[in-house]
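Peer 1: coords please:
(chains A and B)
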Amino acid sequence: MLTGAVIAVILIVATALIVLAGADPLVGLRGLVEGVSSSPYRIGELLVGATPIALVAITMIPALRAGVFSVGAEGQITIGAITATGAILGVRSLTGDAAPAPLYWVVGMLAGAAGGALFALLPAWLAARWRVNVILSTLLLNYVATGFLGWTLRTWLASPDTTATPQSEKLPEASALPDLIPGTRAHVGILLVIVAVIVFEWWRRSPQATRVAVFAARPALARRLGTTRSRTLYGTMLVSGAGAGIVGWMQIAGVNERLLGSVSGGVGFSGLAVALLGGLLPAGIAVAAVFFSALTVGAIGMQSATGTIPASIADVIKGVLLLGVAVIAASRPGLLASGRASTGRPSGGDDVAPDDDADAGAAPDADAFAGAASDPSADSSPGADPSPSPGPASGTTEGATR
Amino acid sequence: MSIELWASILAGALALAAPLAIAGIGEGFVERAGRLNLGIEGMMILGAFTGVFAASMFGPSAGLLAAAITGTLLALLMNLLVYTFRANEIVVGLAITMLGLGLSTYLYQLWIPSGQTNISVPTIARIDLGPLTDIPLVGQMIFGQSPLVYAAVLLIVAAWAISRFTRFGLQIRAVGADPASAALRGVRPRAVGARALLIGGALAGLAGATISLGVIGSFTPGMTAGRGYIVLAIVIMGRMTPVGIALGAILFGFLQSFSLLSQSTGIDLPSELYATLPYLVTLVVLVLTSRAQLRRQAGRLRFA
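Peer 2: Numbers count the residues shown, from 1 in each chain, chains lettered A, B, ... in the order given. The predicted structure follows:
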């Protein structure tokens, strides 16, 4: 019923926005549907948009399940793209542009993963060592990554030609990812999503997944299972950083064929939203990623069909959608780790669920003494189920797509 | 580097610090009450838009009012979802930010379709302080500011007085320190938290309008440029106290002003480094603060 109410609210908001723009909602809806499905190229664009979002979201699952709220995928994508571009161009100059395509792919992917992972380890280290809030450090590092990208495109990776926007030179043909559907920009990178899902399903059944889930609920208990706060932080951030870095490589090798200033393009934030929307499970994430991409691609169709509706309507609906998912997730305890491990604030209990007044009395200082293992406030968080039921959010998105 | 340049950098620093201090004071109340508002960025940008929109029709003061109302409405929504529906505060905050960024862009593009020139509205009128502004160097820096800067200073003093001398300030601190004990003594944690969040929302909206109506007088999508998140960092850096928040705001404002005027400083470093500097220094200070807090906690335990 709650899911139905959320869908109704989203539809009402969307209709209100369209009416506000002075357009006919039905014309707008037709524009949305045609924008997504009218030609193979459009379907290709749908996949091009959904693939990176899904990959970021899936690799983010362990961190979110551990309650480590990293908002840094955006910056990790950027750094991954820079290192991948540098490595590919390095291989080209080393081999005299004679390297076989698979070598380019392996080097590009590894360099991207390494760049993203290293950039994710920095906030993990700051959080493990000095309890710096992960949300804030990753957000701030996103700006650092943007600055580094700007400098990179002006100096060591700048295109030798004069161009209107800063960009790197074009990557060698052999390094490009092959197209999946001829005549579109959809590339074989989507296979990586399938690989990621398989790896995730393996991980989910492993002891590590249980440890991460226990850590989110009871850090002290997790230590008895053989994991510590810092180990969880490093492990989960490493995975999400490597995933985001690979996405950075995918964007330069599969889509843009060069490094651009807009390489991350909001994919990192969308990935976080999609991971939450998909209930932290691959099936839900796949549906949510396609839905997110469809909104973006379809909104452009909507803009051209009506002429008055700005394509940014997609961003408003995504925001409302995420609000709705937060409400749905709250009604099913255990679906979403509460995210306390990352805040590490000294104020003690009651960070996230303000109603747990009775539980929040635990002395914050005593907890801080437990140091590496426990979090000042995690004791009153709702238990995270090691294997949550399939996300209700997938229901939301399916319902809303119809 | 000339002294005049430093004077204008410092003058710019105060102007850029004002919105951060205003939003920071609000978030200070929110965090004192044990809450966290990650939606500040969204509240600021939507406030910046409604401020300019209302100012174009009814003048700049109406713009400020509209911005504060916008922030309050978003805070009400956040409060409803977090308290009534028990939704995750972090997710709701991020969603409010997405919503605010999206909605402000959407409404702006409806108001001014692409291709048309941006509308600019009168900014908040400066008060003429006569001879005071003619004092060399200091005159322009201190007495030539927008009234919003002085309002921010008053707000800091008011916030200090409220948290120190009033019943409400005491309640907020009690709830943030230990909600269970506060409840036992007859304070309602939910009501206090809700009030703090509404204050935080109103001030975040106002801070957004300070950016759009203080100096520029027009709106561009994404014009808050992550300053809502900087506010969160400043509040942690300033240990949630009004004076600490004000100092954090001035530090960030100074770095931003410095990076804007870096071209004329004659120091030859990449411009991207200047642009990144405010965020980088914020991160470093955040690390130092977290470190000091950790040490203090450890020290307290040893004596216990």
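
Peer 1: Which parts of chain B are helices?
Peer 2: All helices of chain B, identified by DSSP state H, fall at B:3-32, B:40-58, B:60-79, B:89-111, B:138, B:147-165, B:167-177, B:179-184, B:189-211, B:227-237, B:242-260, B:271-303.

Peer 1: between the ones you listed, which gets the lowest average pLDDT?
Peer 2: Lowest mean pLDDT of the helices of chain B: helix B:138, a mean of 71.

Peer 1: Measure how far that one is from the centre of its chain, please.
Peer 2: Mean C-alpha position of helix B:138 versus that of the full chain (CA atoms, centre = their mean, to the nearest Å) differs by 25 Å.

Peer 1: got the phi/psi numbers for residue B:222?
Peer 2: Per-residue torsions, residue B:222: phi 70, psi 20 (degrees, to the nearest 10).

Peer 1: Pretty sure it sits against residue B:45.
Peer 2: Yes. Using CB atoms under 8 Å, residue B:222 makes contact with residue B:45 at a distance of 7.2 Å. In this view, the C-beta of every residue, glycine as well, is placed from N, C-alpha and C.

Peer 1: who has more neighbours, the two?
Peer 2: Neighbours per residue (other CB atoms under 10 Å in any protein chain shown) separate residue B:222 from residue B:45, with residue B:45 holding more: 31 against 11.

Peer 1: what does the stretch 201-304 of chain B have sitting close to chain A?
Peer 2: For the stretch 201-304 of chain B, the residues in contact with chain A (CB under 8 Å from any CB of the partner chain) are B:221, B:226, B:229, B:232-233, B:236, B:270, B:272-273, B:275-276, B:279-280, B:282-283, B:286-287, B:290-291, B:293-294, B:297-298, B:300-301, B:304.

Peer 1: can we see that at 6 Å?
Peer 2: Contact residues (CB under 6 Å from any CB of the partner chain) of the stretch 201-304 of chain B with chain A: B:229, B:232-233, B:270, B:272, B:275-276, B:279-280, B:282-283, B:286-287, B:290-291, B:293-294, B:297, B:300-301.

Peer 1: Please pick the buried ones from those.
Peer 2: Among these, those classed as buried by neighbour count (16 or more other CB atoms under 10 Å in any protein chain shown) are B:229, B:232-233, B:272, B:275-276, B:279-280, B:282-283, B:286-287, B:290, B:293-294, B:297.

Peer 1: Closest one of these to residue A:160?
Peer 2: Closest approach between these and residue A:160, by CB to CB: residue B:272, at 19.9 Å.

Peer 1: And the closest one, how far from residue A:71?
Peer 2: Applying CB to CB, to the nearest Å, the value for residue B:272 to residue A:71 is 22 Å.

Peer 1: Repeat that for residue B:170.
Peer 2: For residue B:170, the distance to residue A:71 - CB to CB - is 34 Å.

Peer 1: the more surrounded of those two?
Peer 2: Set residue B:170 next to residue A:71 and count neighbours by other CB under 10 Å: residue A:71 wins out with 24 against 15.

Peer 1: Contacts only, for that one.
Peer 2: Counting by CB atoms under 6 Å, 6 or more residues apart in numbering or on different chains, residue A:71 makes contact with A:135, A:138, A:139.

Peer 1: Switch these over to JSON lines; also include distance to chain B and neighbour count.
Peer 2: Below are the contacts of residue A:71 laid out as JSON lines (distance: CB to the nearest CB, whole Å; neighbours: other CB atoms under 10 Å in any protein chain shown):
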{"residue": "A:135", "distance to chain B": "7", "neighbour count": "26"}
{"residue": "A:138", "distance to chain B": "10", "neighbour count": "31"}
{"residue": "A:139", "distance to chain B": "5", "neighbour count": "27"}
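
Peer 1: so of those, which ones are in strands?
Peer 2: Judged by DSSP state E, strands contain none of the contacts of residue A:71.

Peer 1: Let me know the closest of these to residue A:216.
Peer 2: Nearest to residue A:216 out of the contacts of residue A:71 is residue A:135 (CB to CB; 15.6 Å).

Peer 1: Ignoring the adjacent residues along the chain, who's closest to the residue nearest the centre of chain A?
Peer 2: Centroid-nearest residue in chain A, with CA atoms, centre = their mean: residue A:271, separated by 2.4 Å. Setting aside the residues directly before and after it, residue A:271 is nearest to residue A:56 in space (CB to CB, 6 or more residues apart in numbering or on different chains), at 2.9 Å.

Peer 1: Just the element for that neighbour, please.
Peer 2: Assigned by DSSP states H and E, residue A:56 falls within helix A:40-65.

Peer 1: Report the angle between that helix and helix B:89-111.
Peer 2: 150 degrees (axes from the mean of the first three to the mean of the last three CA atoms, to 10 degrees).

Peer 1: Figure out how far helix A:40-65 is from the centre of its chain.
Peer 2: The answer for helix A:40-65 is 8 Å, by CA atoms, centre = their mean.

Peer 1: What's the mean pLDDT across it?
Peer 2: So the average pLDDT for helix A:40-65 ends up being 92.

Peer 1: who in the stretch 51-200 of chain B is up against chain A?
Peer 2: B:81, B:85-92, B:95, B:98-99, B:102-103, B:105-106, B:109-110, B:176, B:179-180, B:183, B:189, B:193.

Peer 1: switch to 7 Å and redo it
Peer 2: Applying CB under 7 Å from any CB of the partner chain, we find that the stretch 51-200 of chain B lies next to chain A at B:81-83, B:85-92, B:94-95, B:98-99, B:101-103, B:105-106, B:109-110, B:176-180, B:183, B:189-190, B:193.

Peer 1: that older thread, the residue nearest to residue A:271: neighbouring residues, count only.
Peer 2: 32.

Peer 1: Then residue B:192?
Peer 2: 24.

Peer 1: Tell me if I'm right that it and residue B:174 touch.
Peer 2: No. In this structure, residue B:192 is not within contact of residue B:174 by CB atoms under 7 Å, at 8.1 Å.

Peer 1: Next up, the contacts around the residue of the stretch 101-250 of chain B found nearest chain A.
Peer 2: Among all residues of the stretch 101-250 of chain B, residue B:102 sits closest to chain A, at 2.9 Å; criterion: CB to the nearest CB. Listed by CB atoms under 7 Å, 6 or more residues apart in numbering or on different chains, the contact set of residue B:102 reads A:312, A:315, A:316, A:318, A:319.

Peer 1: same thing but 6 Å
Peer 2: Contacts of residue B:102 (CB under 6 Å, 6+ apart): A:312, A:315, A:316, A:319.

Peer 1: give me the number of residues near the nearest residue in space to residue A:179 that is not next to it in sequence?
Peer 2: Nearest residue to residue A:179 in three dimensions, chain neighbours excluded: residue A:187, at 5.8 Å (CB to CB, 6+ apart). Other residues near residue A:187 number 22, with proximity taken as other CB under 10 Å.

Peer 1: From chain B, how far out is residue A:187?
Peer 2: To chain B, residue A:187 is 28 Å away according to CB to the nearest CB, to the nearest Å.

Peer 1: surely that residue meets residue A:254?
Peer 2: Yes. Between residue A:187 and residue A:254 there is a contact at 3.8 Å, judged by CB atoms under 6 Å.

Peer 1: what's the overlap in contacts for the two?
Peer 2: Counting by CB under 6 Å, 6+ apart, the residues touching both residue A:187 and residue A:254 are residue A:177.

Peer 1: ok so, going back, confidence score at the residue nearest to the centre of chain A?
Peer 2: So residue A:271 comes in at 93 (pLDDT).

Peer 1: excluding its backbone neighbours, what's nearest whichever residue of the stretch 1-150 of chain A sits closest to chain B?
Peer 2: With CB to the nearest CB, the shortest gap between the stretch 1-150 of chain A and chain B falls at residue A:147, namely 3.2 Å. The spatial neighbour of residue A:147 that comes closest, neighbours along the chain excluded (CB to CB, 6+ apart), is residue B:276 at 3.2 Å.
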